[in-house]
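> quick one, fold the following:
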Amino acid sequence: MSLIGVHCTASCTGSTLRMADIDRYHRSLDWRGCGYHYVIPTDDAIERGRPKMLIGAHCKNHNSHSIGVAYVGGLTADGKTPCDTRMKAQKSALERLLNKLHKRYPKALIVGNSDLDPHKLCCSGFDVVSEYRKSL
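Sure, this is the predicted structure:
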């Protein structure tokens, strides 16, 4: 893997979405299931989505060489305004997961979806590269 891509689900603050909900939605689009390899709900859970051995469906032109991680949230309560909505538990879970993935794939760059896709300027809602450059 050369990339670990961090995304938001573009859902409102406090959303109760889980990986199973995302899986159902992605299947309704005729995908093979959840496009992300991991989903971080608003609690401190880390839910497995698509198996790592399968190519994800999370970032056009980068799926074949990346692991996709999404936190639930990314929009304010109006459902339109991009915002870093990560709760304390999500931040903790995301950091734990990224540490684990970085140990397994030490050469992989940790990036936000907006770093890879100019059409996704608000995804992941925060500057992933700056936040994790120093801590991992």
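
> OK, contacts around the closest residue to residue 31 other than its chain neighbours?
The shortest distance from residue 31 to any residue other than its chain neighbours is 5.5 Å, reached at residue 57 (Cβ to Cβ, 6 or more residues apart in numbering). C-beta coordinates here come from the backbone N, C-alpha and C atoms, glycine included. In this structure, residue 57 makes contact with 26, 31-32, 35, 50, 63, 68, judged by Cβ atoms under 8 Å, 6 or more residues apart in numbering.

> can you check residue 15 too?
For residue 15, the set of contacting residues under the criterion of Cβ under 8 Å, 6+ apart consists of 9, 42, 72-73.

> need the max-distance pair from the residues you listed.
Distance extremes for the contacts of residue 15: the farthest pair is 9 and 42 at 10.6 Å, using Cβ to Cβ.

> follow-up on the earlier one: out of the contacts of residue 15, who's nearest residue 117?
Nearest to residue 117 among the contacts of residue 15 is residue 9, at 15.3 Å by Cβ to Cβ.

> where does the chain dip in pLDDT?
121, 134-136 (pLDDT under 70).

> measure the residue nearest to the spatial centre of the chain to residue 107 for me?
For the chain, the residue whose C-alpha lies nearest the mean C-alpha position (Cα atoms, centre = their mean) is residue 70; its distance is 1.9 Å. With distances taken as Cβ to Cβ, to the nearest Å, residue 70 is found 22 Å from residue 107.
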